[in-house]
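[1] Got a sequence here, can you model it:
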Amino acid sequence: VKGWKLSLVIVAVAPLVIIAFNLTIKFTVKYTKKQIHAYAKAYNIAQEVLFAIRTVTAFNGQKKEYERYANTLSEVPLIGMKKGIIQGLCQIFSNIATGIV
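    I've put the predicted structure just below:
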């Protein structure tokens, strides 16, 4: 296929590729913000505990604070997996659209 036929196919498929890239960027930004927010929450917990380490130790709250910190960090891998799945699906869509050409 060459000439005007190839151009016609590219013009038909190009919007699909552009849509796939835009979706990839949109979801990547969305889930990266969620990851950063989860890390920030964990950082705030760690900072709070380290600032008041004497109080935490006096009330024997190390285990409780560790669990609170660990629970906050446990969100991060789930967000990363969702982000990876969505990026993979968008990449598949983009590859199929490009493969048509």
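[2] From here on, just use CA atoms for contacts and neighbour counts.
    Noted.
[3] If we go by neighbour counts, what in stretch 90-101 is buried?
    For stretch 90-101, a neighbour-count test (16 or more other Cα atoms under 10 Å) marks Cys90, Gln91, Phe93, Ser94, Ala97 as buried.
[4] what's the answer for stretch 72-88, then?
    So for stretch 72-88, counting by 16+ other Cα under 10 Å, buried means Thr72, Leu73, Val76, Ile79, Gly80, Lys83, Ile86, Gln87.
[5] Can you find the helix or strand in the chain with the smallest mean pLDDT?
    One helix or strand of the chain scores below all others by mean pLDDT, DSSP states H and E: helix 75-100, with a mean of 88.
[6] just checking, what packs against that helix?
    helix 4-51 (3 or more Cα pairs under 8 Å, 6 or more residues apart in numbering; DSSP states H and E).
[7] got the angle for the helix it packs on vs helix 75-100?
    170 degrees (axes from the mean of the first three to the mean of the last three Cα atoms, to 10 degrees).
[8] now what about the helix or strand following helix 4-51, what contacts it?
    For helix 4-51, the succeeding helix or strand toward the C-terminus, using DSSP states H and E, is helix 53-58. Residues outside helix 53-58 that contact it (Cα atoms under 8 Å, 6 or more residues apart in numbering) are Val49, Gln62.
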